[in-house]
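Peer 1: Quick one, structure for this:
(one chain, ligands or ions: 2)
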Amino acid sequence: MLSLENINLELEVEERRVPILHDINLQLEAGKMYALTGPNGSGKSSVARVAMGIYKQTAGKVIYNGEEISDWSISERARRGIGYAFQHPPRFKGMLVKDMLELAMKYADSANCQVLRDIGLCPDDYIERALDNSLSGGEIKRIEIATLLAQDPKVRIFDEPEAGIDLWSFEQLIDVIGSSHREDATTVIISHQEKILNMVDEIVLIKDGTVSMRGDRKTIWPQIKESAECSCRNDCRLEGEIYADCPR
Ligand SMILES: Nc1ncnc2c1ncn2[C@@H]1O[C@H](COP(=O)(O)OP(=O)(O)OP(=O)(O)O)[C@@H](O)[C@H]1O
Ligand SMILES: [Mg+2]
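Peer 2: Ligands and ions are numbered 1, 2, ... in the order given. Here you go, the predicted model:
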């Protein structure tokens, strides 16, 4: 369905080229659910952004159903069936929740405000709300997820869908993502949550900007534990004094 082949990504940060991803190879098949996990800053969201065309890779190819799509714009990718729910959803001044859902529905045949209900929001309370700072972090996150469910693309990438979602709604969130997965679609969930890692077919561990390992939970779990250890290679010094040291 979707493949990333030998992807390298460098970004311009304060006039310096900073390497973010290197040699990412990832084949994602139809009908499967995947979790991307790994330490903070390891490159998970950047992988999603390259797949979505938000970041343009420095080298390598993005292939969708056998066709190279590296030059496709974000909207072309969305129109052709790749969807991404942001880790930190943007807020759009002057846009209403219903506008966002209507826009998403353009890409899908059928969707309605049932998706808001599915994600635990009462449609009547939210459909006319503005997508601005008046929405809480959890509300905007749910609306973002509802929008991807309404869009119902062939490749669905959820970036930390659990972030900001309360404990009571977490099970419902897992259920709705799991039950909306279809045999002709690919679901990718970027997550640190054990329950999410348990529900997928395959876990991909991203470390230091590359795919470090992929497999089932039993294979990946020891690596995840190792990743939790301090990976800092420098002591923290201020004016010559060591303020924090790191096990090396
Ligand atoms: N636009 C950008 N400008 C500068 N640095 C960036 C940019 N986007 C990503 N990075 C850097 O690239 C690295 C990977 O970031 P990314 O957001 O992909 O990590 P992540 O694995 O999703 O982390 P988290 O678990 O915290 O969400 C980080 O060091 C981040 O600071
Ligand atoms: Mg991220």
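Peer 1: Quick check: bridge partners of the residue nearest the centre of the chain?
Peer 2: Centroid-nearest residue in the chain, with Cα atoms, centre = their mean: D159, separated by 2.4 Å. D159 has these beta-bridge partners by DSSP bridges: I190.
Peer 1: Partner strands of the helix or strand D23 falls within, with direction?
Peer 2: Using DSSP states H and E, D23 sits within strand 16-28. Looking at strand 16-28 with DSSP bridges, its partner strands are strand 2-13 (antiparallel).
Peer 1: Distance-wise, check the closest residue to I74 other than its chain neighbours relative to Q223.
Peer 2: Nearest non-adjacent residue to I74, counting by Cβ to Cβ, 6 or more residues apart in numbering: G53, 4.5 Å away. In short, each C-beta sits where N, CA and C put it, glycine included. With the distance defined as Cβ to Cβ, to the nearest Å, G53 ends up 30 Å from Q223.
Peer 1: So the two - more neighbours on which side?
Peer 2: Neighbours were counted for G53 and for Q223 using other Cβ atoms under 10 Å; G53 has more, 21 against 17.
Peer 1: ok, now which ones touch the more buried one?
Peer 2: If you count contacts by Cβ atoms under 8 Å, 6 or more residues apart in numbering, G53 has them with V62, I69, W72, S73, I74, E76, R77.
Peer 1: how about the last one, secondary structure?
Peer 2: Look at R77: counting by DSSP: H, G, I helix; E, B strand; the rest coil, its state is helix.
Peer 1: Torsion angles phi and psi at the closest residue to it other than its chain neighbours?
Peer 2: Nearest non-adjacent residue to R77, counting by Cβ to Cβ, 6+ apart: G53, 5.1 Å away. Dihedral angles of G53 (phi, psi; degrees, to the nearest 10) stand at phi 90, psi 10.
Peer 1: So which residues on the protein come close to ligand 1?
Peer 2: Within reach of ligand 1 by Cβ under 6 Å from any ligand atom, the chain has these residues: L11, V13, I20, G38, N40, G41, S42, G43, K44, S45, S46, Q87.
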